[in-house]
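Undergrad: build me a structure from this.
(2 chains)
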Amino acid sequence: MTIKWEALLQVFGATMLTTLLVVTLFVLGIRALSSDKKVPAYASFAGCVAVVLYGLSLIVF
Amino acid sequence: MDPALVVIIVVVTALIFDFTNGFHDTANAMATSIATGALKPRTAVALSAVLNLVGAFLSVEVAKTISGGIVDDAQITPAVIFGGLVGAIMWNLVTWYVGLPSSSSHALFGGLIGAAWVSSGVDAIHFAKVVDKVLVPAIAAPLIAGLVAAMATIVVYRLKKAADPRVSHTGFKVGQVASASLVSLAHGTNDAQKTMGIITLALITSGSLAPGSAPPTWVIVSAGLAIALGTYLGGWRITHTLGRGLTTIEPAQGFAAQTSTATAILASSHLGFALSTTHVASGGIMGSGLGRDRHGVRWGTMGKMAAGWLFTLPAAGIVGATAGKWASSGTTGVIGVAVIGAAVSIGIWILARREPVKPEHIVDEVAAQAELHKVAA
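TA: The predicted structure follows:
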């Protein structure tokens, strides 16, 4: 009976990296928005969307 | 009994299970968004239903785990699967009625494993696969979601200090809707596929499909529709939970918790890990509570809940074993199991209608986790 530690590590690593990336971008977007910097704000939110879409594309294809 | 008829009965029963799964789990993804006023109940429920349907089409890895891994398809019959399914449904309904938090996914695995074990012997179970794809992820995925949610919450709360509170309040409400949507999507990729896997397994054991086949399109479509319909109809009960102080979860915390939950489920689905989405979501909420306040978790309560989780698999296994043994004995067995299953279901439905909105009946296990934390507002 073998436990595939590698697969578990993959899930852990992917979850940690993706989540931290998305939440950091999102909070930075909110910070930019509250100091009225529209362009960096929307760039951050667009970054979040891009990460999510990239992740989903990895699953589908 | 005609094997084709048994397969049809299994398909219908599996879709009913799928429907109850959607019915049961809507609140998990959407309750906090409704509670914070970010979404109207009608919109939230419809959104969640559509995303569950979409999620069902994204991947078939979990379905393959169930149809091609945990039990030996050469040694069991559709009648055994039927017994396991009825066992899972009955266990689900009874625990729902008495208010015991229980995972529909583990009930399904328990029922299937128990039924296969008793009617076809211990060789019919691939224990290595069960450990690798079900048991280990069952423990690991909530821990991963929790740990990541704790980190994400720390990051969010540190960084949002510099933001205008009004902007960040509205902003995180939007973020919460987005992350709740991802949880619904992830739910479709893992939970809808359990039903696809069961139907595919029944088709393989009856000889309609070759061993190792992926689910046919009509199976994917019907399983996706069943879970979406259950999600849509089940969601109406959420409105009743709103008086229960779910708002202990702030939008920013909910956002961090749900993002890590969705990511953990999606990553697991991709690798074919069949896990309980409820457990992962609970792990996420607990982790984010820990991230906000290190001393805020009641470990004793958490331990009791974890013990309850571990209990589901063997308990549903025993119910599934009894039903599977009887169903595989012939036509009378299948009819007997069906009649008792229907009688128990109708009985519980009548009992539940007599006292419609007992708090225990509102199955929002995830939001309930928030109450484990003494969150300093």
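Undergrad: from here on, just use CA atoms for contacts and neighbour counts.
TA: Fine.
Undergrad: leaving out sequence neighbours, find the closest residue to residue B:106.
TA: residue B:313 (5.3 Å; CA to CA, 6 or more residues apart in numbering or on different chains).
Undergrad: buried residues in the strand or helix carrying the one you found?
TA: Taking DSSP states H and E as the criterion, residue B:313 maps to helix B:299-327. Of the residues in helix B:299-327, B:305, B:309-310, B:312-327 count as buried by neighbour count, 16 or more other CA atoms under 10 Å in any protein chain shown.
Undergrad: that one packs against which elements?
TA: Secondary-structure packing of helix B:299-327 (3 or more CA pairs under 8 Å, 6 or more residues apart in numbering or on different chains; DSSP states H and E): helix B:78-98, helix B:104-120, helix B:331-354.
Undergrad: phi and psi next, for the residue in chain B positioned nearest to chain A.
TA: When scored by CA to the nearest CA, chain B has residue B:163 as its residue closest to chain A, at 4.7 Å. The phi/psi pair for residue B:163 (degrees, to the nearest 10) reads phi -90, psi 160.
Undergrad: likewise the one 5 residues further on?
TA: In terms of degrees, to the nearest 10, the main-chain angles of residue B:168 are phi -70, psi -30.
Undergrad: cool, residue B:125 as well?
TA: The phi/psi pair for residue B:125 (degrees, to the nearest 10) is phi -100, psi 130.
Undergrad: distance of the closest residue to it other than its chain neighbours from residue B:320?
TA: Spatial nearest neighbour of residue B:125, chain neighbours left out: residue B:71 (4.5 Å); criterion: CA to CA, 6+ apart. According to CA to CA, to the nearest Å, residue B:71 and residue B:320 sit 14 Å apart.
Undergrad: give me the common contacts of those two.
TA: Shared contacts of residue B:71 and residue B:320, defined by CA atoms under 8 Å, 6 or more residues apart in numbering or on different chains, are found at residue B:113.
Undergrad: where does chain A have low pLDDT?
TA: A:1-2 (pLDDT under 70).
Undergrad: quick check, central residue of it?
TA: Taking CA atoms, centre = their mean, the centroid of chain A lies closest to residue A:22, which sits 3.1 Å from it.
Undergrad: and it, that's in a strand?
TA: No: assessed with DSSP: H, G, I helix; E, B strand; the rest coil, residue A:22 is helix; it does not lie in a strand.
Undergrad: the residue lying closest to it once chain neighbours are set aside: how many residues sit nearby?
TA: Using CA to CA, 6+ apart and skipping the chain neighbours, the partner closest in space to residue A:22 is residue A:48 (5.2 Å). By other CA atoms under 10 Å in any protein chain shown, 21 other residues sit near residue A:48.
Undergrad: quick check: which element contains residue A:48?
TA: Short version: residue A:48 belongs to helix A:38-60, going by DSSP H and E.
Undergrad: burial count for residue B:4?
TA: 14.
Undergrad: what sits closest to it if chain neighbours are left out?
TA: residue B:206 (7.6 Å).
Undergrad: the one you found touches residue B:5, doesn't it?
TA: No: Residue B:206 is beyond contact range of residue B:5, at 10.4 Å (criterion: CA atoms under 8 Å).
Undergrad: neighbour-wise, which of these two wins?
TA: Neighbours were counted for residue B:206 and for residue B:5 using other CA under 10 Å; residue B:206 has more, 20 against 11.
Undergrad: list the residues that contact that one.
TA: By CA under 8 Å, 6+ apart, the neighbours of residue B:206 are B:3, B:4, B:7, B:77, B:78.
Undergrad: of those residues, which is the nearest to residue B:92?
TA: Closest to residue B:92 out of the contacts of residue B:206 is residue B:78 (21.0 Å), distances taken as CA to CA.
Undergrad: hang on, the closest one packs against residue B:6?
TA: Yes: the pair residue B:78 and residue B:6 passes the contact test of CA under 8 Å, sitting 6.4 Å apart.
Undergrad: run through the residues that contact the nearest residue to residue B:87 once chain neighbours are set aside.
TA: Of all residues not flanking residue B:87 in the chain, residue B:320 sits nearest, at 4.0 Å (CA to CA, 6+ apart). For residue B:320, the contact set (CA under 8 Å, 6+ apart) comprises B:83, B:84, B:85, B:86, B:87, B:88, B:110, B:111, B:112, B:113, B:114, B:115.
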